[in-house]
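**Student:** fold the following, please.
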Amino acid sequence: NPLDIDSQKNLGFILQQLGKFNEAEDTYKKMLSLKCNHIEVYNYLGIIQHRQGKFIEAEKSYRKMIELKPDLAEAYNNLGNILNEQDKLIEAEESFKKAIAMKPEYAEVYYNMGIMLNKQRKYNEAEASYKKAIALKPDHIETHNNLGNTLKEQSKFIEAEESFKKVLVLKPDHVEAYNN
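**Tutor:** Next up, the predicted model:
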């Protein structure tokens, strides 16, 4: 039934999981054309658009999420990511900081902020952000790996080695950690 919102949302999600991004995007856009303003729909649509490299469209989807639910930390995190992709770094940082203010225990936003700070060669700040993410979610492999690379950039080789060793404890077949 095309008017059954939950079924349409589930269909879009399944299409997304199957990698059928164009079909999933069409499903979500159809829902929105029917005046369905579900926050999840904008989130899924933004994720698909991001994966397809449609950064401007993804940014609009995330901003619509924020308009509908301005206290949703995940929306600000997603917006920060897409702004970072577009090199809108000041806006990205503001968005990440809003997410942190709303949900200080949200490890993913610290990880993403670390990526953004590292991109700007703000290694001390990136290091602090990655360490905060690890304190909140100690088993996140990519955070340990990124921290190791950030430490390496600062010539903190002993600490970098420890980070890469932690990656290999968590995931022994992590090829990138061996190459670092």
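**Student:** from memory residue 15 sits against residue 24, does it?
**Tutor:** Yes. With contact defined as CB atoms under 8 Å, residue 15 counts as touching residue 24 (3.7 Å). In this view, the C-beta of every residue, glycine as well, is placed from N, C-alpha and C.
**Student:** okay, these two: which has more neighbours?
**Tutor:** Remark: of residue 15 and residue 24, residue 24 carries more neighbours, 23 against 20, as counted by other CB atoms under 10 Å.
**Student:** next, that one: phi, psi?
**Tutor:** Backbone torsions of residue 24, given as degrees, to the nearest 10, read phi -60, psi -40.
**Student:** what residues are up against it?
**Tutor:** Neighbouring residues of residue 24 by CB atoms under 8 Å, 6 or more residues apart in numbering: 12, 13, 15, 16, 44, 48.
**Student:** do residue 71 as well
**Tutor:** Taking CB under 8 Å, 6+ apart as the test, what residue 71 contacts is residue 102.
**Student:** before we move on, the earlier item: can I get the buried part of the contacts of residue 24 as one PyMOL selection?
**Tutor:** In PyMOL, this line selects whichever of those come out buried by 16 or more other CB atoms under 10 Å:
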select buried, resi 12+13+15+16+44+48
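**Student:** now do the end-to-end distance for stretch 61-80.
**Tutor:** 13 Å (CA to CA, to the nearest Å).
**Student:** off-centre distance for it?
**Tutor:** 12 Å (CA atoms, centre = their mean, to the nearest Å).
**Student:** buried stuff in it?
**Tutor:** For stretch 61-80, using 16+ other CB under 10 Å, the buried residues are 61-66, 72-80.
**Student:** for the contacts of residue 24, give me a markdown table that also has pLDDT, secondary structure and distance to residue 89.
**Tutor:** Shown next, in a markdown table, are those (pLDDT from 0 to 100; DSSP: H, G, I helix; E, B strand; the rest coil; distance: CB to CB, whole Å):
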| residue | pLDDT | secondary structure | distance to residue 89 |
| --- | --- | --- | --- |
| 12 | 83 | helix | 31 |
| 13 | 81 | helix | 31 |
| 15 | 87 | helix | 33 |
| 16 | 83 | helix | 28 |
| 44 | 85 | helix | 26 |
| 48 | 91 | helix | 24 |
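**Student:** closest one of the contacts of residue 24 to residue 102?
**Tutor:** residue 44 (20.8 Å; CB to CB).
**Student:** what is the rounded mean pLDDT of the helix or strand hosting residue 64?
**Tutor:** Element membership for residue 64, per DSSP states H and E: helix 55-68. Mean per-residue pLDDT for helix 55-68: 95.
**Student:** do stretch 168-178 as well
**Tutor:** On average, stretch 168-178 scores 75.
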